[in-house]
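J.: For reference, the sequence and a predicted model appear below.
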Amino acid sequence: MTDYEIEMELEAALEALPKENPPVNLSDWNSGSDYKEKLASVVKLGKKSDLFDYQYFFPDCIKKDLAHKLGFSDEAYENSFFAPVSQSTLSIVTLAIFLKKHNQKVGIVEPVYFSVQSCVDDIGIPYRLFSDYMENINSTFDAEELLQSDCTAFWFTSPVNSCSIYFKERVTKGIQKLLDAGKIVILDESLCVNGYELSRVFGVQENLLYIYSPHKALGLQGIKFSYVVCHTKYYDDINNLEDIYGGSLCYSCQEGARHFVSKNFDDCRDVYTAFWQDNFLKVKNIVKNYDFARISPETFGHYAMIFIRCAVDDASFVEAMKRLMKEKGYFVYPGILQGFDPEKCFCFRINMLLNSNDIENGLKAVLEYIKNTEK
C-alpha cells in the first residue's frame, strides 16, 4: 500500500466511528488537552501588531533580536537576509522554486517533511533520494556518497523528521564538506527546539539556506511564523519569491515574532520540555518490556519513532489499527507516512505532547498487538 492509501483508509475508518468519543491517534500532529491547558496558563501575547496594513517584514525594532535568538551573531546578521512568511510550508515552496530557477538537481536526505518531495515533483526539479541514514544518521552518514553523486544541492531536515534526533559532529562536518565543495545546502529546522539551531554551528555561508518556525516545536501552531535565512547573495531571489508565493504576513505570525523574542517564549519552552520529557520516561519504560521494539536514546523533542524488529505487513497493520480503534480507542500511523521505508524497518511515530494516560494505554495496546502477531 502507498502512504496515501494507508492514510485514506485509516481516515475513512475513523470517520465511520461515533463522534462522541473518537479514538486517539498516537501519531497525531496536534497536542493533547493536558498540555494545551498547561501551556495556555503560561502563554502571554502582546497584541501590538497591525490589524490593517499589509506587512511583509517584522518591525525593525525586533529584527536583530529575532536573529540573535535564532543563534546568529551580529556579523552573521549583517551578511544575511531574513525573509519571513506565515508558515514553513510557504518557505518550502519558496526554496523549491529557488532551486528550480537555479537549475539544481537536489539530493533529498530522507526522511523529510511530507510536502518537500511533492513540491519538487510538482515543480519538476530533478532529484535523488538518499535513504540509507534515517535514525542512524549520526553514526552512518557519509558525505562522500553525496559528493560523488550528480546532485548540486542537498536538502536536510534537522531534527530528523519525526524522530527528534539532532545532528552531531559526523553530520555537521559532512555538511560543511558539501558547502566547501560549492554545493547548495538547505537546512529545514522548522521543528528545531530553540537553542539547538545549526546556525550556531554554521553561521551564515554563501550557499547555505535555513528554514525556521520556532513555535512549531512547542505546539503553538496558531501564532507560528517562518523564516528563510540566507546570505545576502540571494537577497533578490528570495525576496522576490517570498513576495510572490508567500504574500503579506498575517496578524497571528506578527504576534508570534514578538512573542518569540520575549521571555514568555522561554517560559513556554520550559513547560514544553518538562512535559515531553516526563512522557518520554514513560515511553521508554513501556518499550523496554518488548524486546522487538526500540526507541532512539538520542530523541530530544516530542515526536519519537518506535522501531520494530520484526516484519509487519502494511495491509495487515492497517486492518489491525481499524480493530484497535474500535476495541481499545487507539491507533497509530505507520512510519511510511513520515518518509520511513517499511522495507528497511517498520516503525510508527508517537507524539509525546499527548495526554500521558493516552500514551501509556495506547502504546501498550499497539505493542501488544504486534507481540501477539509475532506468535
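T.: It's in. Numbering: from 1, shown residues only.
J.: Any chance you could list what contacts stretch 114-126?
T.: By CB atoms under 8 Å, 6 or more residues apart in numbering, the residues outside stretch 114-126 that reach it are 89, 92-93, 96-97, 99-100, 104-106, 108, 127, 129, 155, 157, 188, 337-339. Yep, even glycine has a C-beta here, placed from its N, CA and C like the rest.
J.: just stretch 26-45 next, same as before
T.: Residues outside stretch 26-45 that contact it (CB under 8 Å, 6+ apart): 218-221, 223, 255, 258-259, 262, 264, 267-268, 271-272, 275, 330-333, 337, 348-351, 353-356, 358-359, 362-363, 366.
J.: And for stretch 255-263?
T.: With contacts defined as CB under 8 Å, 6+ apart, stretch 255-263 is touched by 43-49, 58, 62, 65-66, 69, 84, 194, 214-215, 220, 223-225, 265.
J.: Over to stretch 167-182?
T.: Residues outside stretch 167-182 that contact it (CB under 8 Å, 6+ apart) are 137-139, 141-143, 146-147, 154, 156, 158-159, 185, 187, 198, 201-202, 205, 207-208.
J.: Quick one: end-to-end distance for stretch 150-159.
T.: 25 Å (CA to CA, to the nearest Å).
J.: buried ones in that stretch?
T.: 151-159 (16 or more other CB atoms under 10 Å).
J.: Using the three-state scheme, assign Ser162.
T.: Classification of Ser162 by DSSP: H, G, I helix; E, B strand; the rest coil places it in coil.
J.: Let me see the contact set for it.
T.: The neighbourhood of Ser162, defined by CB under 8 Å, 6+ apart, consists of 111, 303, 305, 335, 338-340, 349.
J.: The buried residues of stretch 150-159: which two are farthest apart?
T.: Thr152 and Pro159 (25.2 Å; CB to CB).
J.: Below-threshold pLDDT in the stretch 251-375 of the chain: ranges please.
T.: 374-375 (pLDDT under 70).
J.: Which parts of it are strands?
T.: Counting by DSSP state E, counting those that start in this stretch, the stretch 251-375 of the chain has strands at residues 293-295, 303-308, 330-331, 346-351.
J.: So which elements touch the second one?
T.: Think strand 303-308. Judged by 3 or more CB pairs under 8 Å, 6 or more residues apart in numbering; DSSP states H and E, strand 303-308 is in contact with helix 263-287, strand 293-295, strand 346-351, helix 356-374.
J.: That one vs helix 356-374, what angle?
T.: Put simply, strand 303-308 runs at 20 degrees to helix 356-374, going by axes from the mean of the first three to the mean of the last three CA atoms, to 10 degrees.
J.: Tell me the buried residues in strand 303-308?
T.: Going by neighbour count (16+ other CB under 10 Å), the buried part of strand 303-308 is 303-308.
J.: re earlier: format the strands of the stretch 251-375 of the chain as CSV; extra columns: distance to Asp28.
T.: Below are these laid out as CSV (distance: least, CB to CB, whole Å):
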stretch, distance to Asp28
strand 293-295, 18
strand 303-308, 10
strand 330-331, 10
strand 346-351, 6
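J.: Would you map the helices across the stretch 151-300 of the chain?
T.: For the stretch 151-300 of the chain, helices defined by DSSP state H, counting those that start in this stretch occupy the ranges 169-180, 199-202, 214-217, 235-245, 251-260, 263-287.
J.: which residues are contacting stretch 85-104?
T.: Contacting residues not belonging to stretch 85-104 are listed as 83, 106, 113, 115-116, 119-120, 123-125, 152-153, 184, 186, 188, 190, 209, 211-213, 216, 224-228, 234, 237-238, 241-242, 245-247, 249-250, 252-253 [CB under 8 Å, 6+ apart].
J.: now with 6 Å?
T.: By CB atoms under 6 Å, 6 or more residues apart in numbering, the residues outside stretch 85-104 that reach it are 106, 115-116, 119-120, 123, 125, 152-153, 186, 190, 211, 213, 226, 228, 237, 241-242, 245-246, 249-250, 253.
J.: With stretch 231-240 instead?
T.: The set of residues external to stretch 231-240 that reach it, using CB under 6 Å, 6+ apart, is 79, 81, 83, 98, 204, 206, 228, 230.
J.: pLDDT score for the fifth one?
T.: Going back to what we said before, that points to Val204. Val204 carries a pLDDT value of 97.
J.: any idea how far Tyr54 is from it?
T.: Spatial separation of Val204 from Tyr54 under the definition CB to CB, to the nearest Å is 28 Å.
J.: Looking at these two, which one has more neighbours?
T.: Higher neighbour count among Val204 and Tyr54: Val204, with 23 against 8, using other CB atoms under 10 Å.
J.: do you know how far that one is from Asn25?
T.: Between Val204 and Asn25 the computed distance is 39 Å (CB to CB).
J.: do the same with Ser31
T.: Ser31 sits at a distance of 12 Å from Asn25 (criterion: CB to CB).
J.: Show me the chain divided up by domain.
T.: Split into domains by automatic domain parsing, the chain comes to 3-39+266-374, 60-261.
J.: winner for burial among those?
T.: domain 60-261 (a mean of 19; mean count of other CB atoms under 10 Å).
J.: First-to-last residue distance for that domain?
T.: One end of domain 60-261 sits 13 Å from the other (CA to CA).
J.: same check, this time on stretch 98-111
T.: Using CA to CA, the two ends of stretch 98-111 sit 21 Å apart.
J.: Off-centre distance for that stretch?
T.: Distance of stretch 98-111 from its chain centroid, counting by CA atoms, centre = their mean, to the nearest Å, is 18 Å.
J.: model confidence over that stretch, on average?
T.: Averaged across stretch 98-111, pLDDT comes to 96.
J.: And stretch 218-232, by the same measure?
T.: Per-residue pLDDT over stretch 218-232 has a mean of 95.
J.: Dump that stretch to CSV, restricted to CA.
T.: Provided in CSV are the C-alpha atoms of stretch 218-232 (Å, rounded to 0.1, in the frame of the first residue of the first chain):
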residue,chain,number,x,y,z
LEU,A,218,6.1,24.0,21.1
GLY,A,219,2.8,23.0,19.5
LEU,A,220,1.7,26.7,19.3
GLN,A,221,0.5,26.5,15.7
GLY,A,222,-1.8,29.4,15.9
ILE,A,223,1.0,32.0,16.2
LYS,A,224,3.7,30.4,14.3
PHE,A,225,5.7,32.2,11.6
SER,A,226,8.5,31.0,9.4
TYR,A,227,11.8,32.5,8.3
VAL,A,228,14.0,31.7,5.3
VAL,A,229,17.5,32.8,6.2
CYS,A,230,20.2,33.1,3.5
HIS,A,231,23.3,35.0,2.6
THR,A,232,22.7,38.5,1.1
